[in-house]
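**Student:** From the sequence below, what's the structure:
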Amino acid sequence: MLGYAVKITKDSQGYAVRFPAFPEAVTYVDRQEDVVAQAVDCLEEALAARIADREDIPLPVLVSHGQKGVVPGTQVMAKALLWQAMRAGNVRMADLACSLGADQKAVDRLLDCHHASRLDQIDSAFKALGKRLELAIRDVT
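**Tutor:** Residues are numbered from 1 along each chain as shown. Sure, this is the predicted structure:
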């Protein structure tokens, strides 16, 4: 699976969740059954903050079987990949807006991880960058 490596450590207080690729992303969880949900939330907030602050985002990596990894929700992952593609191509938000025939607010919303964007809008943005978003289905382990 493509995702981000996670380090989970247990102590007397509960569980500490950290992401090596995102030093700023740390959360503490009391109950083991809440670790995965809180890890996803923490990762999504780190991605959202990096996009909002116009910072680079590490590419997701192939997390092999036996390693601990976290995958953000589909929409957040799509927005993070869109931001990465823009950065890699030196495409400014204004340039993307012009390519889409949209205003800058529309592009702001496309990159806002807290805004639910339509898939066709995300697809159009990737197409404007000369890219295509591909999805895959995997069994949950």
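**Student:** Name all residues that make contact with residue 107.
**Tutor:** For residue 107, the contact set (Cβ atoms under 8 Å, 6 or more residues apart in numbering) comprises 93, 96, 97, 100, 125. Placement of C-beta: from N, CA and C, glycine included.
**Student:** Sort out for me which of those are in helices.
**Tutor:** Judged by DSSP state H, these include 93, 96, 97, 100, 125 as members of helices.
**Student:** before we move on, the earlier item: is it possible to get TSV of the contacts of residue 107 that adds neighbour count, distance to residue 131 and pLDDT?
**Tutor:** Formatted as TSV, those follow (neighbours: other Cβ atoms under 10 Å; distance: Cβ to Cβ, whole Å; pLDDT from 0 to 100):
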residue	neighbour count	distance to residue 131	pLDDT
93	16	16	95
96	23	12	97
97	19	17	97
100	16	14	97
125	27	9	98
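**Student:** Need the three-state assignment for residue 108.
**Tutor:** helix (DSSP: H, G, I helix; E, B strand; the rest coil).
**Student:** Check the burial of it by counting its neighbours.
**Tutor:** 13 (other Cβ atoms under 10 Å).
**Student:** Walk me through the domains of this protein.
**Tutor:** When the chain is parsed with automatic domain parsing, its domains come out as 2-70, 74-128.
**Student:** How far away from the center of its chain is the longest one?
**Tutor:** With Cα atoms, centre = their mean, to the nearest Å as the basis, domain 2-70 stands 11 Å off its chain's centre.
**Student:** Please apply the same query to the last one.
**Tutor:** A distance of 13 Å separates the C-alpha centroid of domain 74-128 from that of its chain, computed with Cα atoms, centre = their mean.
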